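K.L.:
Here is a sequence with its predicted model. Questions after.
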Amino acid sequence: MLADANRAAATAEVRELLVAFDTAREPRLLTEAVLKVRRLLAAPDFADVGETGRAFVWTLGAVALTWRARTAAAGADDLDRAIEWSDRAVEAWPADDVNLPRAQSNLATALTDRYGRSADPADLERALLLFDAAVPALAANGERVDVALHGHGLCHHERATAIPDGGGAADWDRAIELFRAAVDCREPDADERAGYLNSLGLSLQAKGRSRGDRGLVSEAIAVFSAARECAVPGGDNHVGTAMNLASALQDRAAADDDVGLLQESVRLYREVLPYAAEDRHQQITNNLATALIDVYRYTRDGLLLEEAARDLRRRVVGIPAGDRRWRMLANLGAALHEMYRHTGRLALLDEAIAAQEELLASPNPCPPERTLNVGLSLLSRCRRRHSNVDLDRALALFEEAALSRSPVERASALNSQANALSMRFEDTGVRADLDRCVRLRERAIATAPEAIEVAMYRGNLGVDLLMRFSLAGDERDLEQAVDEQRQAVSGMPAGSVAQPDLLAGLANSLASLAGRTRRHEDVSDARSAYRRAVEAGRASRPEQALGSAMRWGAWESEQRCWAEAAAAYDLGLEAMSRLVGRQQQRDDKESWLGAAEGMPAAAGLAHARAGSAVRAVIAMEHGRAMLLAEALQRQHPARRGL
């Protein structure tokens, strides 16, 4: 049995441990507090203690468990037990006791935390009712109210974010109102105020996203910036506000098409990464990878992709199945696919597909965006390895994704279906595939809400119309192809990663038009478009540069413009060398050489007809020399260091 004095001393020790944890953030202090509370509860005479005495012990124990549940030392049932003890405390405190509102606030906090794990709406609704009762009572008692205001705001934020039939706009507004009230209280110190500002920024950002309101996103950026000024450097709030500021900058960058904001978000992620705990370290790595990929799409700096993929590969190892792993795999797949597009290395594409397939195999429903990404990667691999299995699976995935409610995803899926059918037509020549392809493109253009996507789909429609013109000779198809592709090129921002593809499509259509009209201006337009397509693809899209150079050279040869043909083929040989040199497997090297089969001989002929016999010999031996060099490297690995 515990004497009253011993019980009072033990209770005081628990309070001291909680105060110490609030300063030192050492989870062992909470574990010690929980053990002391358990001993108090297990004492045979605990039932004889008065109601207020028991309520006080339950309250302290519930606080210790709620706090411990947020640390790495959390027990599996900490929150459930915290809620059980808080319930008992709320029942035990007299209705007029000043401790009752505190207990109600503590119970509401534990319920909100459990909702964050289990997503049970009942927990959230009960927490809201408790906060509704606790906050005005705390204020009436002259108690500190900022913590409860913040907790109350978190409940409304959660309901607006995660429950489709919840408060919606009204919940965002209520959360923002409560967070502002918490910030305006006198009691919180600077770091606590940073936490409240951080929550305010999150609600402003989320509301701005839901409404497409740039003004709210800008306000969120200002609030996150203010929070960083208040937060203790290197502390939890400093890391959290920097992460959220970087995320808001990414949102604004997407809306404003501003690479500078993306680069600032990268700087912020890198700045706080050394201070982040393990769970946040993973999240920052994931977010940083997304930002690096986005910056690459503006700058074409392949080192950014390598950094993103390297960090994600390292972090994903050992992460168990769950949302965090799925998000990281999604970004890893995106980075690897972009690296493939940048380098043409098929091994990277295989790795991207492996990561994306793991996502599809996860037990959770797969968002249409991820289904689309797997299909796109399979289609890219099919272009190189000509696998009908990859093509059929890609088509099935695109058809599934086309059921999405999102117009952006639906348009992308329709366009991707058309890409797959176009590829199949190239192999089979079945006119029905091509006609269906044209109809799908037209639906994608009509569905897409963004001008950039419309430009891309117009360019693809032009390619299909040109193929149909080549098949049936209908002049209307050729005229529409040129018109669609001119609109596509003018509608795509300069420097976009899609520009090489659009310019190549326009060049092919202009070349066909010039072949029909024989007008000097049409020939000049086609030649200029080919040159622009190759130049645009040399740095970031060597595959496209190779294809454009080959078609350009063949077209110039048909016109017996040998000097121009030789120049085009030289650019193609340069692109082929770059692609082959980047492959890690001999089969992949041979795949790229096969794609350029006949080009060295054609280049040699063009040089010979242009009057340069020496350049002709060099060009004709180009492909064979690359394979021979690779064979020698395999036989004599030590030579790689020479």
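P.N.:
Perfect, thanks for sending it.

K.L.:
Where does the residue lying closest to residue 230 once chain neighbours are set aside fall, secondary structure wise?
P.N.:
Nearest non-adjacent residue to residue 230, counting by Cβ to Cβ, 6 or more residues apart in numbering: residue 194, 3.8 Å away. Just so you know, the C-beta spots here come from the backbone N, C-alpha and C atoms, and that holds for glycine as well. Using DSSP states H and E, residue 194 falls within helix 190-211.

K.L.:
buried residues in that helix?
P.N.:
Across helix 190-211, burial judged by 16 or more other Cβ atoms under 10 Å covers 192-208.

K.L.:
quick one: pLDDT of residue 395?
P.N.:
At residue 395, the predicted lDDT confidence score is 95.

K.L.:
Can you tell me the closest non-neighbouring residue to it?
P.N.:
Residue 395 sits nearest to residue 420 (Cβ to Cβ, 6+ apart), 4.7 Å away.

K.L.:
The one you found contacts residue 393, correct?
P.N.:
No - using Cβ atoms under 8 Å, residue 420 is not in contact with residue 393, being 9.8 Å away.

K.L.:
Specify which residue of the two has the higher count of neighbours.
P.N.:
Shown here are residue 420 and residue 393; by other Cβ atoms under 10 Å, residue 420 has more neighbours (27 against 18).

K.L.:
list the contacts for that one?
P.N.:
Applying Cβ atoms under 8 Å, 6 or more residues apart in numbering, we find residue 420 in contact with 375, 379, 391, 394, 395, 398.

K.L.:
Just send those residues back as CSV, with secondary structure and neighbour count too.
P.N.:
Shown next, in CSV, are the contacts of residue 420 (DSSP: H, G, I helix; E, B strand; the rest coil; neighbours: other Cβ atoms under 10 Å):
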residue, secondary structure, neighbour count
375, helix, 27
379, helix, 20
391, helix, 20
394, helix, 26
395, helix, 20
398, helix, 27
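
K.L.:
So, low pLDDT: which residues of the stretch 1-150 of the chain?
P.N.:
1-5 (pLDDT under 70).

K.L.:
my bad, the chain
P.N.:
1-5, 163-167, 364, 539-540, 584-595, 622-642.

K.L.:
what about residue 226, how many neighbours?
P.N.:
18.

K.L.:
Over to the one 3 residues further on?
P.N.:
Residues near residue 229, counting by other Cβ under 10 Å, number 11.

K.L.:
and the closest residue to it other than its chain neighbours, what does it touch?
P.N.:
For residue 229, ignoring the flanking residues on the chain, the nearest one in space by Cβ to Cβ, 6+ apart is residue 194 at 8.0 Å. Contact analysis of residue 194 by Cβ under 8 Å, 6+ apart lists 227, 228, 229, 230, 231, 232, 237, 238, 241.

K.L.:
at 6 Å what do you get?
P.N.:
By Cβ atoms under 6 Å, 6 or more residues apart in numbering, the contact list for residue 194 reads 227, 230, 231, 237.

K.L.:
For the last one, pull up the helix or strand it's in.
P.N.:
Under DSSP H and E, the secondary-structure element containing residue 237 is helix 236-256.

K.L.:
Name the residues of that helix that are buried.
P.N.:
Buried, per 16+ other Cβ under 10 Å, within helix 236-256: 236-253.

K.L.:
shouldn't residue 556 be in contact with residue 564?
P.N.:
Yes - the pair residue 556 and residue 564 passes the contact test of Cβ atoms under 6 Å, sitting 4.3 Å apart.

K.L.:
Give the residue from those two that has the larger number of neighbours.
P.N.:
Higher neighbour count among residue 556 and residue 564: residue 556, with 24 against 21, using other Cβ under 10 Å.

K.L.:
Tell me the spacing between residue 53 and residue 37.
P.N.:
Per Cβ to Cβ, to the nearest Å, residue 53 is found 13 Å from residue 37.

K.L.:
out of the contacts of residue 194, which are inside helices?
P.N.:
227, 230, 237 (DSSP state H).

K.L.:
which among those residues gets closest to residue 112?
P.N.:
Distance to residue 112 across those (Cβ to Cβ) is lowest for residue 237, with 18.5 Å.

K.L.:
Would you map the helices across the stretch 401-550 of the chain?
P.N.:
Secondary structure of the stretch 401-550 of the chain (DSSP state H, counting those that start in this stretch): helices at 407-428, 431-447, 451-472, 475-491, 499-517, 520-540, 542-558.

K.L.:
quick one, which of these is nearest to residue 213?
P.N.:
Closest among the helices of the stretch 401-550 of the chain, using Cβ to Cβ: helix 407-428, at 18.3 Å.

K.L.:
From residue 367, how far out is the residue nearest to the spatial centre of the chain?
P.N.:
Geometric centre of the chain, nearest residue: residue 290, 4.9 Å, by Cα atoms, centre = their mean. The gap separating residue 290 from residue 367 is 15 Å, by Cβ to Cβ.

K.L.:
thinking again about what came up before, higher neighbour count, residue 53 and residue 37?
P.N.:
Neighbours were counted for residue 53 and for residue 37 using other Cβ under 10 Å; residue 37 has more, 24 against 17.

K.L.:
helix/strand/coil for the more buried one?
P.N.:
Here residue 37 is helix, with the state taken from DSSP: H, G, I helix; E, B strand; the rest coil.

K.L.:
Not counting its neighbours along the chain, what's nearest it?
P.N.:
residue 61 is the one closest to residue 37 (Cβ to Cβ, 6+ apart), at 3.6 Å.
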